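>>> Take a look and give me a structure for this.
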Amino acid sequence: MFIGSIDQGTTSTRFIIFDKQGNQISVGQKEHAQIYPQAGWVEHNPDEIWQNTQEVIGLALGKANLSTHDLAAIGITNQRETTVVWNKTTGIPYYNAIVWQDTRVGNMVAELEKHGGIDRFREKTGLPLATYFSGLKIKWLLENVEGLREDAEHGEAIFGNMDTFVIWHLTGGTDGGLHITDVTNASRTQLMDLKTLAWDAGILETLGIPLKMLPAIHSSSEVYGEARGVLAGVPVAGDLGDQQAALVGQTCFQAGEAKNTYGTGCFMLMNTGTKVFPSNYGLLTTVAYKFGDEPVHYALEGSVAIAGALVQWLRDNLGIIKKSSDIETLAKTVEDNGGCYVVPAFSGLYAPYWKADARGVIAGLTRFVNKGHIARAALEATAFQTLEVLEAMEKDANIEISSLRVDGGMVVNKTLMQFQADMVEVPVVCPAMIETTALGAAYAAGLAVGYWKDPDDLKQNWGVAKTWNPKMDKDKRTNLYHYWRKAVQRSFGWEE
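So this is what the prediction gives:
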């Protein structure tokens with residue numbers, strides 16, 4: 001028997017099948033369109049994503065010559081905060097999904113800040129006011145889509161992040177589909193109280209969001225129900241937001257263990273155990289996972305909006321590379337960044353600054369700088385942003401990290417990983433299985449049905465593929481970091 005995992009990401013949807021040792025048996029993957037109606041707006045077509053989900057499931061099963069009878073359970077992991085509202089009778093979305101990177105609610109953030117500041121909801125939710133989270137996206141939809149508020153008040157219009165949307169369709173859709181989410185995804189809406197793990201009536205009232213719209217909150221690992229259609233009869237038993245799923249996939253079950261995922265954005269999470277740690281250094285307090293009836297675990301998180309997306313931008317908008325993997329070859333044509341720094345504040349800056357008014361800058365340009373330097377500076381930007389988050393995390397948790405576990409698409413870039421080790425000054429460790437996001441969702445589902453016994457069982461699967469050790473001269477590192485911070489300052493306050 002195997003475990004299946006739906007990984008509904010920002011740029012594509014995948015279905016990966018794993019065996020008991022956590023090895024990947026088969027994968028199906030399909031990209032979906034990125035829709036940019038105007039500057040700062042980012043959308044996805046939810047129906048396209050659901051269509052792709054069904055296709056990739058068929059692809060992965062077909063490649064491995066397996067049927068649904070070979071799957072003990074399936075888990076789901078998803079791009080977090082991406083917000084969709086649909087009609088529960090027709091199944092039709094009222095509007096495109098508003099993606100986590102979207103900044104259209106900037107004015108709402110500014111308005112709410114006037115009455116209680118950026119930390120207005122932080123004590124309850126662990127999150128500062130920002131364009132990032134789902135709550136304000138729901139508010140925007142209610143205020144801007146004709147007829148939606150009325151349908152929401154009557155319980156016809158329902159909200160979900162992509163996990164909820166996929167599970168609803170997977171378990172029957174208009175014919176009794178389950179309207180649920182898990183604690184990790186709920187903690188990213190800015191509508192859930194971290195301590196009670198319930199929707200907060202006060203915040204819902206402030207934002208004008210009817211409780212009827214929201215899904216029921218469950219643990220991350222339990223049998224929610226059975227799939228219908230393409231996965232008919234398979235238990236749906238795991239649900240985790242993508243970054244929490246990567247934490248589970250990296251088996252960071254002890255307080256103080258941290259991982260960094262290099263994807264579209266960059267996300268570092270540190271397990272803080274069963275204790276809620278409020279952040280004083282610009283990090284988010286979030287739910288790490290909850291396995292069945294076990295106590296909930298929390299995490300500190302540093303979110304960087306743009307990492308791999310900067311490489312895509314160089315490819316698609318500037319055309320200086322043909323495919324994403326060309327970035328490393330181009331970066332290696334030069335010795336260093338030539339004094340050039342790229343700060344990718346395309347949708348403001350997230351941790352540890354939380355400046356919605358920042359915008360991207362390229363600083364330190366001279367006649368000497370060429371596209372190789374810009375490519376290298378783009379890679380270095382990811383490492384610098386990670387360093388800033390790591391420093392904040394160590395201060396908040398009062399724990400010094402002895403190594404950094406890494407995963408995600410960008411870890412194949414050796415130049416970046418070596419520079420990362422040089423910047424954080426601890427070993428950077430890449431596991432044998434880098435698909436940790438999908439693996440974490442598989443682990444949650446497998447635990448729920450007894451495919452794996454307990455978290456210790458999962459730790460047996462974790463193995464190291466490669467370690468990068470720091471080797472840069474201290475003065476050089478200090479100098480590079482000094483100019484990076486100078487460049488970051490230049491991005492502040494651009495948007496008025």
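
>>> State whether residue 450 is indeed within a helix.
No - applying DSSP: H, G, I helix; E, B strand; the rest coil, one finds residue 450 to be coil, outside a helix.

>>> what about it, how many neighbours?
10 (other Cβ atoms under 10 Å). For every residue, glycine as well, the C-beta is placed using N, CA and C.

>>> just the one 5 residues further on next, same as before
The local packing count at residue 455 equals 16, with neighbours defined by other Cβ under 10 Å.

>>> Per-residue confidence, the residue of the chain positioned farthest from its centre, what does it come out as?
Distance from the C-alpha centroid of the chain peaks at residue 367, with 37.8 Å (Cα atoms, centre = their mean). With respect to pLDDT, residue 367 scores 97.

>>> Now do the same contact list for it.
For residue 367, the contact set (Cβ atoms under 8 Å, 6 or more residues apart in numbering) is empty.

>>> Which parts of the stretch 151-300 of the chain are strands?
Listed in chain order, the strands found in the stretch 151-300 of the chain under DSSP state E, counting those that start in this stretch are 157-160, 180-182, 192-193, 198-199, 216-218, 221-226, 235-241, 258-262, 266-273, 284-289, 297-304.

>>> Can you lay out the ones you listed as JSON lines showing mean neighbour count?
Below are those laid out as JSON lines (neighbours: other Cβ atoms under 10 Å):
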{"stretch": "strand 157-160", "mean neighbour count": "25"}
{"stretch": "strand 180-182", "mean neighbour count": "26"}
{"stretch": "strand 192-193", "mean neighbour count": "22"}
{"stretch": "strand 198-199", "mean neighbour count": "15"}
{"stretch": "strand 216-218", "mean neighbour count": "17"}
{"stretch": "strand 221-226", "mean neighbour count": "20"}
{"stretch": "strand 235-241", "mean neighbour count": "29"}
{"stretch": "strand 258-262", "mean neighbour count": "27"}
{"stretch": "strand 266-273", "mean neighbour count": "25"}
{"stretch": "strand 284-289", "mean neighbour count": "26"}
{"stretch": "strand 297-304", "mean neighbour count": "27"}
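
>>> want to try CSV for those, with mean pLDDT and distance to residue 334 as columns?
Formatted as CSV, those follow (pLDDT from 0 to 100; distance: least, Cβ to Cβ, whole Å):
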stretch, mean pLDDT, distance to residue 334
strand 157-160, 97, 46
strand 180-182, 98, 45
strand 192-193, 96, 47
strand 198-199, 98, 52
strand 216-218, 98, 50
strand 221-226, 97, 47
strand 235-241, 97, 38
strand 258-262, 90, 22
strand 266-273, 90, 23
strand 284-289, 94, 36
strand 297-304, 91, 24
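
>>> List just the one of these that sits closest to residue 36.
Taking Cβ to Cβ, strand 297-304 is the member of the strands of the stretch 151-300 of the chain nearest to residue 36, at 20.4 Å.

>>> State which helix of the chain is the longest.
Ranked by residue count and defined by DSSP state H, the top helix of the chain is helix 371-397.

>>> Using PDB, write out the CA atom coordinates for the helix or strand following it.
Downstream of helix 371-397, the next assigned helix or strand under DSSP states H and E is strand 404-407. This file holds the C-alpha atoms of strand 404-407, laid out as PDB (Å, rounded to 0.1, in the frame of the first residue of the first chain):
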ATOM      1  CA  LEU A 404      19.500  24.800   8.900                       C
ATOM      2  CA  ARG A 405      17.400  22.100   7.200                       C
ATOM      3  CA  VAL A 406      16.500  23.200   3.700                       C
ATOM      4  CA  ASP A 407      14.000  22.000   1.000                       C
END
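
>>> Could you check the angle the very next helix or strand once past strand 404-407 makes with helix 371-397?
As assigned by DSSP H and E, the chain's next helix or strand after strand 404-407 is helix 414-424. Counting by axes from the mean of the first three to the mean of the last three Cα atoms, to 10 degrees, helix 414-424 lies at 40 degrees to helix 371-397.
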